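Asker: here's a sequence, model it:
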Amino acid sequence: MSWRCSSRAAPWWANRRCPRSRWSERLKAWLWGQASLTSISIGKAAAYTLANWERLTRFVEDARIPLDNNATERAIRGPVVGRKNHYGSKSRRGTEVGATLYTVLETLKLHGQDPAVYLHAAIVAADRDSVLLPWQFSAVA
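Answerer: Next comes the predicted model:
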């Protein structure tokens, strides 16, 4: 069998799709047997898994759901580091301005805009006694 790519090929995530089958029912039955052992770790883990069973099976059935949340953690890294740096801030207003700035910059990144270009355009607009809001920026840039 040839593994050449074609326009009719399934999306990259289709290979991970695994519809509910006997394995999931066998696993669930085994977990129910272990969940009664609440005094040991395996019982607690089994109870946790059963409590989240719908999420687990949804993840297994729909391969578009990512295995991890690394993209989200990378996206919030900047604001979290900034927040830690502002713990010693002497001004509440300075901390609020920092939080607003991080929000604007991360929103621009999320929408594929260059924050440096936006900040330059916003400063130029401020010099002209105008305000350039982030949602107006893509039309201007």
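Asker: with just CA atoms, put the longest helix along the chain into PDB.
Answerer: Ranked by residue count and defined by DSSP state H, the top helix of the chain is helix 92-110. Provided in PDB are the C-alpha atoms of helix 92-110 (Å, rounded to 0.1, in the frame of the first residue of the first chain):
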ATOM      1  CA  ARG A  92      -1.900  49.400  42.400                       C
ATOM      2  CA  ARG A  93      -2.400  51.600  39.300                       C
ATOM      3  CA  GLY A  94       0.900  50.500  37.900                       C
ATOM      4  CA  THR A  95       0.000  46.900  38.300                       C
ATOM      5  CA  GLU A  96      -3.400  47.600  36.600                       C
ATOM      6  CA  VAL A  97      -1.700  49.300  33.700                       C
ATOM      7  CA  GLY A  98       0.700  46.400  33.300                       C
ATOM      8  CA  ALA A  99      -2.100  43.900  33.300                       C
ATOM      9  CA  THR A 100      -3.900  45.900  30.600                       C
ATOM     10  CA  LEU A 101      -0.800  46.100  28.500                       C
ATOM     11  CA  TYR A 102      -0.200  42.300  28.800                       C
ATOM     12  CA  THR A 103      -3.800  41.700  27.800                       C
ATOM     13  CA  VAL A 104      -3.500  43.900  24.700                       C
ATOM     14  CA  LEU A 105      -0.200  42.400  23.600                       C
ATOM     15  CA  GLU A 106      -1.400  38.800  24.100                       C
ATOM     16  CA  THR A 107      -4.600  39.500  22.200                       C
ATOM     17  CA  LEU A 108      -2.700  40.900  19.300                       C
ATOM     18  CA  LYS A 109      -0.500  37.800  19.300                       C
ATOM     19  CA  LEU A 110      -3.500  35.600  19.400                       C
END
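Asker: need the helices for the chain, in chain order.
Answerer: So, for the chain - with DSSP H - the helices run 22-35, 41-51, 53-61, 70-85, 92-110, 115-127, 134-140.
Asker: worst mean pLDDT among these?
Answerer: Comparing mean pLDDT across the helices of the chain, the weakest is helix 134-140, with a mean of 72.
Asker: which of the residues in that one are buried?
Answerer: 134, 137 (16 or more other Cβ atoms under 10 Å). For every residue, glycine as well, the C-beta is placed using N, CA and C.
Asker: right, I'll call it a day here.
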